[in-house]
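Trainee: test case, fold it:
(chains A, B, C and D)
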Protein chains: 2
Amino acid sequence: MAHLLLVEDDDSVRISLAKALGRYGHDVATASTGPLGLQAFRDRGPELVILDVMLPGTDGFDVCRQIRTSATVPIIMLTARGDDIDVVGGLEAGADDYVVKPVEPRVMDARIRAVLRRGTPDRSPQPTATYGELVIDRAAMTVTRAGRAVALTPTELRLLLELSRSPGQVLSRQQLLESVWEHSYLGDSRLVDNGVQRLRAKIEPDTTAPAYIQTVRGFGYRFGPV
Amino acid sequence: MAHLLLVEDDDSVRISLAKALGRYGHDVATASTGPLGLQAFRDRGPELVILDVMLPGTDGFDVCRQIRTSATVPIIMLTARGDDIDVVGGLEAGADDYVVKPVEPRVMDARIRAVLRRGTPDRSPQPTATYGELVIDRAAMTVTRAGRAVALTPTELRLLLELSRSPGQVLSRQQLLESVWEHSYLGDSRLVDNGVQRLRAKIEPDTTAPAYIQTVRGFGYRFGPV
DNA sequence: CACCGGTGTCGCAACCGTGTCGCAGACTTC
DNA sequence: GAAGTCTGCGACACGGTTGCGACACCGGTG
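Mentor: Numbering: from 1, shown residues only, chains lettered A, B, ... in the order given. Next up, the predicted model:
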């Protein structure tokens, strides 16, 4: 459903909450410290981050600010009951919501959905899209596959964005040439073939049986599940 | 009446509901897991999908989202009584209706008809056309018959698209040559015959009694129900 | 000035699609 | 009923389309 990152130092809370959210259909990655959380954030490009406020070393607010320097991903802060809830500080740091521990998984799930639904109006429709194990973050212009970041060149990224803009639909070489390469003439357009081939080499686990980019002989290419 | 896909992991529910809906005149395909459901969806191209919310592994919402990335087919979610019914999340995922288990077949049938009747008002114009058990998706350039994907070569596909563009109308060999083959001269045009023959071999259940492509002796071919 | 990553071009190989041919069967016409 | 024409259909070989590696160019950078 959604790729989440949960940063929480308390083992029991982290594990049980991750499991519970998994049952609600979320794909949950976890980290136990602030630095590890930032690392995981960069690697996995989650659609939403859940941050414990009280973390050893760099605390939740710090992590929140760090993330905000590079991304607009929704962030939910977790605070222990009885903590001085520094809502103002948290909102300043850029959090989207607050949840008090101990938290019911059902409630957490509802909050997650609420925040995701709320979205951010200024973002283009669908900032991040997930296709199988491929995650495309249009806001951050990053692509991750199976949790690992994929380094794409500008052209490869444009091609992937264009293809994934209309999943399941065949795009002709001519169309791709115009939208990605901004050429209007279709010469001997092995250019598109080559672009697709290079993109496949980076995002396809098995290029002999493409999982994301299908070639439709005689027509063009189609992005989407097989 | 309608081609349905039922995705439900509980054997007894799946089998009994499928049977019951069959008695109401529906053509029901079933799948027991999310991935199998997606597979079946792609293969059979059903007119409506019934999804259990709680599935092992990828849950109903997930399947719903996946389907929505490529199709606008109506989706009805099935939830167990007492489950936390996340209607908002489900509607956000793209579901069209909710039904609580255990469900009366009569009720289910009514809901199915209601959803189908409601149609697809706000959705993008359906580029897919259905003729009997033949489904032609002009955007994805795919053809399925009786739920099974049909692999067509470029020429076969162009021919089918051309013929189905004007159902019930006879197209001459000359016309087909020009539109499909982009030849203007009609030499020994066994070419068209051959193309039709190859196409029939793939989409006709019984080539001796063509259900989709009729030959009009002396004139050409006609696409459409007998 | 050398280096380097990105990108367009070229060429080769393999596979699949497709046009051609021939024959048999079906339909029409006389 | 017979001849002539039209269509179905299997076989085959040529050619086109695509995948993919190699190379050259080019702009930016230390």
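Trainee: make it CA atoms for all contacts and neighbour counts henceforth
Mentor: Fine.
Trainee: wait, A:Arg222 sits on A:Leu160?
Mentor: No - at 10.7 Å, A:Arg222 does not count as touching A:Leu160 under the criterion of Cα atoms under 8 Å.
Trainee: run a quick neighbour tally on A:Thr208.
Mentor: Neighbouring residues of A:Thr208 were enumerated by other Cα atoms under 10 Å in any protein chain shown; the total is 8.
Trainee: mind telling me what element it is part of?
Mentor: Secondary structure assignment for A:Thr208, by DSSP states H and E: no helix or strand.
Trainee: quick one: residues contacting it.
Mentor: With contacts defined as Cα atoms under 8 Å, 6 or more residues apart in numbering or on different chains, A:Thr208 has no neighbours.
Trainee: how about it, phi and psi?
Mentor: phi -80, psi -20 (degrees, to the nearest 10).
Trainee: domains of chain A?
Mentor: A:3-117, A:128-223 (automatic domain parsing).
Trainee: would you list every one of the strands in chain A?
Mentor: Assigned by DSSP state E, chain A shows strands spanning A:3-7, A:27-31, A:48-52, A:75-80, A:97-101, A:128-131, A:134-137, A:142-145, A:148-150, A:170-171, A:213-216, A:220-223.
Trainee: enumerate the residues of chain A near DNA strand C.
Mentor: A:152-156, A:181, A:189-191, A:194-195, A:217 (Cα under 7 Å from any atom of the strand).
Trainee: rank the domains of chain A by pLDDT, which is bottom?
Mentor: Mean pLDDT across these is lowest at domain A:3-117; the value there is a mean of 75.
Trainee: mind listing the helices for chain A?
Mentor: For chain A, the helices defined by DSSP state H occupy A:11-23, A:34-44, A:60-68, A:87-93, A:105-118, A:154-165, A:173-176, A:190-203.
Trainee: what sits against A:Gly57?
Mentor: A:33-34.
Trainee: and the residue lying closest to A:Glu156 once chain neighbours are set aside, how many neighbours?
Mentor: Residue nearest to A:Glu156 in three dimensions, not counting chain neighbours: A:Leu199, with 5.6 Å by Cα to Cα, 6 or more residues apart in numbering or on different chains. As a burial measure, A:Leu199 scores 20 neighbours (other Cα under 10 Å).
Trainee: before we move on, what about A:Asp9?
Mentor: 19.
Trainee: just A:Gly195 next, same as before
Mentor: With other Cα under 10 Å as criterion, A:Gly195 counts 16.
Trainee: who are the contact partners of it?
Mentor: A:Gly195 sits in contact with A:155-156, A:159, where contact means Cα under 8 Å, 6+ apart.
Trainee: repeat for A:Ile67
Mentor: Contacts of A:Ile67 by Cα under 8 Å, 6+ apart are A:38, A:41.
Trainee: how about a cut-off of 10 Å?
Mentor: Neighbour list for A:Ile67: A:37-38, A:41-42, A:49, A:61, A:73, A:75, A:93-94 [criterion: Cα atoms under 10 Å, 6 or more residues apart in numbering or on different chains].
Trainee: which of those has the most neighbours?
Mentor: A:Val49 (27 neighbours).
Trainee: that one and A:Leu5 touch, don't they?
Mentor: Yes - in this structure, A:Val49 is within contact of A:Leu5 by Cα atoms under 10 Å, at 4.8 Å.
Trainee: anything in contact with each of those two?
Mentor: A:28-30, A:37, A:41, A:75.
Trainee: can I get the residues you listed in TSV including distance to A:Gly22?
Mentor: Below are these laid out as TSV (distance: Cα to Cα, whole Å):
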residue	distance to A:Gly22
A:Val28	6
A:Ala29	10
A:Thr30	12
A:Gly37	18
A:Phe41	18
A:Ile75	18
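Trainee: B:Ala211: which of the residues you listed is nearest?
Mentor: If you rank these by distance to B:Ala211 using Cα to Cα, A:Val28 comes first, at 50.5 Å.
Trainee: from memory the closest one sits against A:Leu4, does it?
Mentor: Yes - applying Cα under 10 Å as the test, A:Val28 and A:Leu4 come out as touching, 4.8 Å apart.
Trainee: which neighbours do A:Arg222 and A:Leu160 share?
Mentor: Common neighbours of A:Arg222 and A:Leu160 (Cα under 10 Å, 6+ apart) are A:212-213.
Trainee: hmm, back to that, who wins for most neighbours among the residues of chain A next to DNA strand C?
Mentor: A:Glu156 (19 neighbours).
Trainee: please identify the buried residues of stretch A:62-73?
Mentor: Buried positions in stretch A:62-73, judged by neighbour count with 16 or more other Cα atoms under 10 Å in any protein chain shown: A:62-65, A:67-68, A:72-73.
Trainee: just stretch A:12-32 next, same as before
Mentor: For stretch A:12-32, by 16+ other Cα under 10 Å, it's A:14, A:17-32.
Trainee: so can I have a markdown table of the buried residues of stretch A:62-73 showing distance to B:Arg138?
Mentor: Conversion of the buried residues of stretch A:62-73 to a markdown table gives the following (distance: Cα to Cα, whole Å):
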| residue | distance to B:Arg138 |
| --- | --- |
| A:Asp62 | 51 |
| A:Val63 | 48 |
| A:Cys64 | 46 |
| A:Arg65 | 47 |
| A:Ile67 | 43 |
| A:Arg68 | 43 |
| A:Thr72 | 37 |
| A:Val73 | 36 |
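Trainee: right, I'll leave it there.
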